[in-house]
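> Give me a 3D structure for the following:
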Amino acid sequence: MLTGSDLLSKVKDMGDASKSDLVRACGYVSTKKDGSERLNFTAFYEALLDAKGVSLGEAGAVPISVVVRSRCLS
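Numbers count the residues shown, from 1 in each chain. Next comes the predicted model:
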């Protein structure tokens, strides 16, 4: 699985690729018990946020509800 600057570069390089193709190409895929593919969108988007320096759920971080509310009121 790609992370950090490698993940950001891959996302940029893939341009207009579908979300599924992007998640797959970055390695966020696993195999179910029946052998089918499972795309791990949540892990991908968490890694993407982390690579961009966005912190969610850590001590000292601003809760997302506060951010959303402040944008709505502006």
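> quick one: low-confidence parts of the chain?
Low-confidence segments of the chain (pLDDT under 70): 57-74.
> okay, stretch 8-20 in CSV with CA atoms only?
The C-alpha coordinates for stretch 8-20 follow below in CSV (Å, rounded to 0.1, in the frame of the first residue of the first chain):
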residue,chain,number,x,y,z
LEU,A,8,0.1,11.6,-3.5
SER,A,9,2.3,11.2,-6.6
LYS,A,10,0.3,8.1,-7.7
VAL,A,11,-3.0,9.9,-7.3
LYS,A,12,-1.7,12.9,-9.3
ASP,A,13,-0.3,10.6,-12.0
MET,A,14,-3.5,8.7,-12.5
GLY,A,15,-5.5,11.8,-13.2
ASP,A,16,-9.0,10.9,-14.4
ALA,A,17,-8.9,7.2,-13.3
SER,A,18,-12.0,5.9,-11.6
LYS,A,19,-12.0,5.8,-7.8
SER,A,20,-11.9,2.0,-7.8
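> any idea where the strands of this structure begin and end?
Under the criterion DSSP state E, strands of the chain are mapped to 29-31, 37-39.
> and the closest residue to D21 other than its chain neighbours, how many neighbours?
Take D21 and drop its neighbours on the chain: the residue closest to it by C-beta to C-beta, 6 or more residues apart in numbering is M14, 7.2 Å away. No exception for glycine: its C-beta is placed from N, CA and C like everyone else's. As a burial measure, M14 scores 13 neighbours (other C-beta atoms under 10 Å).
> for G15, same thing?
7.
> and what of K10?
Residues lying near K10 (other C-beta under 10 Å) number 15.
> ok, it to N40 distance?
Distance of K10 to N40, given as C-beta to C-beta, to the nearest Å: 15 Å.
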